[in-house]
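> build me a structure from this.
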Amino acid sequence: MTGLAGLRRFVTPPPDSPHMPAAGPTAVPAGARQGSGPAPQTSPAAPGAAEETCELCAAAVPAQHGHVADLETSSLMCACRACYLLFTHPPAGRAHYRAVPDRYLSDPAKPLGTAEWDALQVPVGLAFFLRSSRAAAVTGFYPSPAGATECKLDLQDWQRIEASHPLLGELADDVEAILVWRSGEGVEYFLVPIDICYELAGRMRMSWRGFDGGTEARQAVAEFLDTVRSRARPVTGRRP
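Model prediction:
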């Protein structure tokens, strides 16, 4: 997600931040473009900010609310609880809309090895992977100074990893992501809602300093991963 207008509605900057334009109309960036994707979860609004509304029925929504994916434009819409629940089952939207689940899963019994991660040839240590129902393909993205940057995958390598890691097969098309973090201690991976990945990408874009991101960007990653770890539950059963 690259447009600052789109980021403004989801990530509240510090007061008088030099990295954000003056308040004004906001929009969800449309289209599956390189470095773009669904919008992230909403952060608490700044004092005096415009009230959030459901983009399906125009009802007011709280700062923390659900999102519905528009599969035709590859974007997310803020949704009130009633509209969100309406699209929790794919047939309700006739394959046009789908609610973003709020589940976080891990699979401690099937750790991802460093050799498997290296086989994907992703040039960074933190990335997320989304499976598109329209394109019938998996695409990787990683946070960068430009937002969420797309990286191409060797799908044969992905399919080999998926065959031995059931959590990857649990991934719901368009609305969930596989998040992977590699550090000096090994590789962690989780199934997460797609919007939180773009929230991280937005925060990193606005906080990035210098060549390596700087202290603020590294702190954003650390806090994000701590939140994911605290919410993740061991995978059981099948996807909803």
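> pull up the per-residue confidence for the residue most central in space within the chain.
Nearest residue to the geometric centre of the chain (C-alpha atoms, centre = their mean): Cys197, 2.5 Å. The per-residue pLDDT reported for Cys197 equals 87.
> repeat for His96
84.
> hang on, it packs against Ala69?
No. Applying C-beta atoms under 8 Å as the test, His96 and Ala69 come out as separate, 9.4 Å apart. For the C-beta atoms, the positions are set from N, CA and C on the backbone; glycine is no exception.
> can you tell me the SS state at Tyr84?
In terms of secondary structure, Tyr84 is helix; the call rests on DSSP: H, G, I helix; E, B strand; the rest coil.
> quick one: it from Glu150, how far?
Relative to Glu150, Tyr84 is positioned 28 Å away (criterion: C-beta to C-beta, to the nearest Å).
> Glu185: neighbour count?
Applying other C-beta atoms under 10 Å, we find 7 residues neighbouring Glu185.
> if I pick it, what's in contact with it?
Contacts of Glu185 were listed using C-beta atoms under 8 Å, 6 or more residues apart in numbering, and none were found.
> where are the low-confidence patches of this structure?
Segments of the chain classed as low confidence (criterion: pLDDT under 70) are 1-50, 90-94, 211-212, 237-240.
> can you show me the strands along it?
In chain order, the chain shows strands spanning 66-70, 75-79, 97-99, 105-106, 126-132, 137-144, 147-151, 176-183, 186-193, 233-234, with DSSP state E as the criterion.
> could I get the ones you listed as a markdown table with distance to Glu223?
Shown next, in a markdown table, are those (distance: least, C-beta to C-beta, whole Å):
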| stretch | distance to Glu223 |
| --- | --- |
| strand 66-70 | 21 |
| strand 75-79 | 22 |
| strand 97-99 | 26 |
| strand 105-106 | 18 |
| strand 126-132 | 13 |
| strand 137-144 | 13 |
| strand 147-151 | 18 |
| strand 176-183 | 13 |
| strand 186-193 | 15 |
| strand 233-234 | 20 |
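> quick one: closest of those strands to Glu116.
With C-beta to C-beta as the measure, strand 186-193 is the member of the strands of the chain nearest Glu116 (7.7 Å).
> using CSV, write out every CA atom in the closest one.
The C-alpha trace of strand 186-193 is given here as CSV (Å, rounded to 0.1, in the frame of the first residue of the first chain):
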residue,chain,number,x,y,z
GLY,A,186,15.5,-19.2,13.5
VAL,A,187,12.3,-18.8,11.6
GLU,A,188,8.8,-18.1,13.0
TYR,A,189,5.6,-18.2,11.0
PHE,A,190,2.0,-17.5,11.7
LEU,A,191,-1.4,-17.3,9.9
VAL,A,192,-2.8,-13.8,10.5
PRO,A,193,-5.5,-11.4,9.1
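> quick check: angle from it to strand 66-70?
Between the axes of strand 186-193 and strand 66-70, defined by axes from the mean of the first three to the mean of the last three C-alpha atoms, to 10 degrees, the angle is 80 degrees.
> sounds good, over and out.
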